[in-house]
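Trainee: Sequence and predicted structure, then a few things I'm wondering about:
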Amino acid sequence: MGFLGALWITGLILLISSISIPFSNLLISTSSSINIEKPSETELPPPITILLPVRNESSIIIKKLEEIISYDYPIEKITLLVVDSCSSDNTGRIASDFLQKERNPPKWKIISVEEPGKSNAINHVLPLIVTEIFVMLDADAILKPKSVRRIVDWFQDEGIGAVCGIQSVDDSLEPNYRKSFNKIRIGQSAINSTPIFEGSICAFRLSSIKGELIDSEINADDSQMALIVRRNGFRAIFDQNISFTEIGNWNWSQNFSRRIRRAQGLSRTFWKNKDLLFHDSAKFRWIFRAEFFFHLLFPWLLLSSFAFLLVPSILLTSFSNEVILNSYDFTLIFFFCCIFSRTFREMSLGALCLIISHIFWISGKKMNIWTPDPSTRL
């Protein structure tokens with residue numbers, strides 16, 4: 001067989017190993033997704049707090065506040081906390097001026113935080129919340145009027161501690177990847193809990209947090225909070241019927257940077273919570289192990305398998321005089337055909353983002369502070 005042949009066999013084994021767990025996770029989660037049911041609508045909506053962390057969102061803050069006021073939820077039962085994180089464009093003042101002039105605003109307060117970063121803003125405001133249910137929103141997420149009412153309805157189930165919504169697939173630059181990702185999280189929610197949350201709209205039961213704060217050095221604040229909720233014995237679930245779209249026009253480069261930042265945040269979150277690999281719940285233990293593998297091991301196994309398959313195939317095909325197609329020729333044909341598959345490209349791009357984020361992490365480059373780009377709001 002020789003060295004190159006052994007290298008090719010190793011690559012094949014690594015490829016099968018790398019995709020087996022994510023593929024099994026998708027199959028099991030998809031088969032389980034039909035079991036989750038939505039509770040009925042509450043007749044008496046409870047008082048809630050809406051957290052709106054912002055930084056340099058002057059161009060869209062009024063539009064977001066108008067949206068919040070228009071929600072299908074009793075305005076007298078909403079307390080709005082706008083948490084201004086070191087804005088340099090008067091976002092907080094613009095929000096204050098608008099709410100002061102509004103005829104029928106909710107109870108509101110503008111809170112300034114001196115340290116930048118969404119996680120710092122959340123840690124600062126969590127001790128100030130007095131309602132049992134609080135909803136966290138992003139300024140650049142557009143929601144339907146009934147979204148908050150629906151997400152709050154879930155908390156009729158005393159076992160649920162956290163709920164999040166979904167980014168519209170039509171709004172995504174990676175629709176196939178997003179569809180598969182969403183199927184997994186729906187299934188995980190039906191089985192037990194999903195550890196990956198969407199911060200653009202998510203809601204929490206205050207008693208499920210138990211006064212714990214998140215690690216401001218990591219980001220992925222939404223998923224950090226979901227894991228806190230699960231640690232404390234509550235479920236964290238995903239509702240596919242609560243969708244949002246994002247304001248702005250992201251180009252490929254900007255979206256790539258966002259994905260790398262998100263990838264690092266999730267990877268560091270899973271590593272920090274690695275003791276959950278041995279969680280008491282067998283169902284959640286399986287879910288967490290699958291996500292841990294995908295975010296920390298999968299990209300390196302996939303990259304290695306590509307290298308171990310392609311290098312021997314290219315070398316052996318180049319120096320071969322055989323006319324009959326062999327395994328190495330088929331390997332090159334396979335990868336050439338895969339290039340035309342959007343799903344393959346999106347999966348490979350996701351793995352690349354994870355690898356880059358890991359390299360930044362290992363080299364000490366943290367990505368926990370995000371500065372919104374005004375050009376994306378145009």
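Mentor: It's in.

Trainee: List the buried residues for the longest helix anywhere in the chain?
Mentor: With secondary structure taken from DSSP state H, the chain has its longest helix at helix 2-32. Judged by neighbour count using 16 or more other CB atoms under 10 Å, the buried positions of helix 2-32 are 4, 7-8, 11, 14-15, 17-18, 21-22, 25-26, 28-29, 32. Every residue, glycine included, has its C-beta placed from N, CA and C.

Trainee: now it: mean pLDDT?
Mentor: For helix 2-32, mean pLDDT is 85.

Trainee: Remind me what that helix packs against, helices and strands.
Mentor: helix 175-191, helix 282-296, helix 298-318, helix 327-338 (3 or more CB pairs under 8 Å, 6 or more residues apart in numbering; DSSP states H and E).

Trainee: Relative to D140, which of those helices is closest?
Mentor: The closest of the helices and strands packed on helix 2-32 to D140 is helix 175-191. By CB to CB, the value is 17.3 Å.

Trainee: tell me the average confidence for the closest one?
Mentor: 84.

Trainee: Using neighbour counts, pick out the buried residues of that helix.
Mentor: So for helix 175-191, counting by 16+ other CB under 10 Å, buried means 176-178, 180-191.

Trainee: Check which helices and strands it sits against.
Mentor: When contacts are defined as 3+ CB pairs under 8 Å, 6+ apart, helix 175-191 sits against helix 2-32, strand 235-246, helix 282-296, helix 342-362.

Trainee: how about 6 Å then?
Mentor: Other helices and strands packing on helix 175-191, by 3 or more CB pairs under 6 Å, 6 or more residues apart in numbering; DSSP states H and E, are helix 2-32, strand 235-246, helix 342-362.

Trainee: coming back round to it: looking at the helices and strands packed on helix 2-32, which is nearest to S59?
Mentor: Of all those, helix 175-191 comes closest under CB to CB, at 26.2 Å.

Trainee: Other residues contacting the helix or strand following the closest one?
Mentor: Later in the chain than helix 175-191, the nearest helix or strand by DSSP states H and E is strand 201-205. Strand 201-205 has contacts (CB atoms under 6 Å, 6 or more residues apart in numbering) with 134-137, 143, 151, 155, 161-165, 222, 244.

Trainee: list the contacts for F293?
Mentor: I21.

Trainee: before we move on, what about S87?
Mentor: Taking CB under 6 Å, 6+ apart, one finds R55, N56 in contact with S87.

Trainee: From A290, how far out is it?
Mentor: Counting by CB to CB, to the nearest Å, the gap from S87 to A290 is 39 Å.

Trainee: now do N120
Mentor: In terms of CB to CB, N120 sits 31 Å off from A290.

Trainee: For S20, see how far away I287 is.
Mentor: 16 Å.

Trainee: same check, this time on Q156
Mentor: 39 Å.

Trainee: Kindly report the same for E43.
Mentor: 48 Å.

Trainee: go on, T131?
Mentor: With distances taken as CB to CB, T131 is found 45 Å from S20.

Trainee: same deal with S223?
Mentor: 24 Å.

Trainee: do the same with N326
Mentor: Computed as CB to CB, the N326 to S20 distance reads 25 Å.

Trainee: And E158, by the same measure?
Mentor: Using CB to CB, E158 is found at 37 Å from S20.

Trainee: residue ranges of the strands in the stretch 51-200 of the chain, please?
Mentor: Residue ranges of the strands in the stretch 51-200 of the chain, as given by DSSP state E, counting those that start in this stretch, are 78-85, 107-113, 133-137, 141-143, 160-167.

Trainee: Count the neighbours of D97 for me.
Mentor: 12 (other CB atoms under 10 Å).

Trainee: which ones are touching it?
Mentor: Counting by CB under 6 Å, 6+ apart, D97 has no contacts.

Trainee: wait, isn't K283 in contact with N192?
Mentor: Yes: if you go by CB atoms under 6 Å, K283 and N192 touch, sitting 4.1 Å apart.

Trainee: Look at those two and report which has more neighbours.
Mentor: Between K283 and N192, counted using other CB under 10 Å, N192 has the larger neighbour count: 21 against 13.

Trainee: Isn't that one up against R285?
Mentor: No: between N192 and R285 there is no contact under CB under 6 Å: 9.2 Å.

Trainee: State the pLDDT value of Q264.
Mentor: Per-residue pLDDT puts Q264 at 96.
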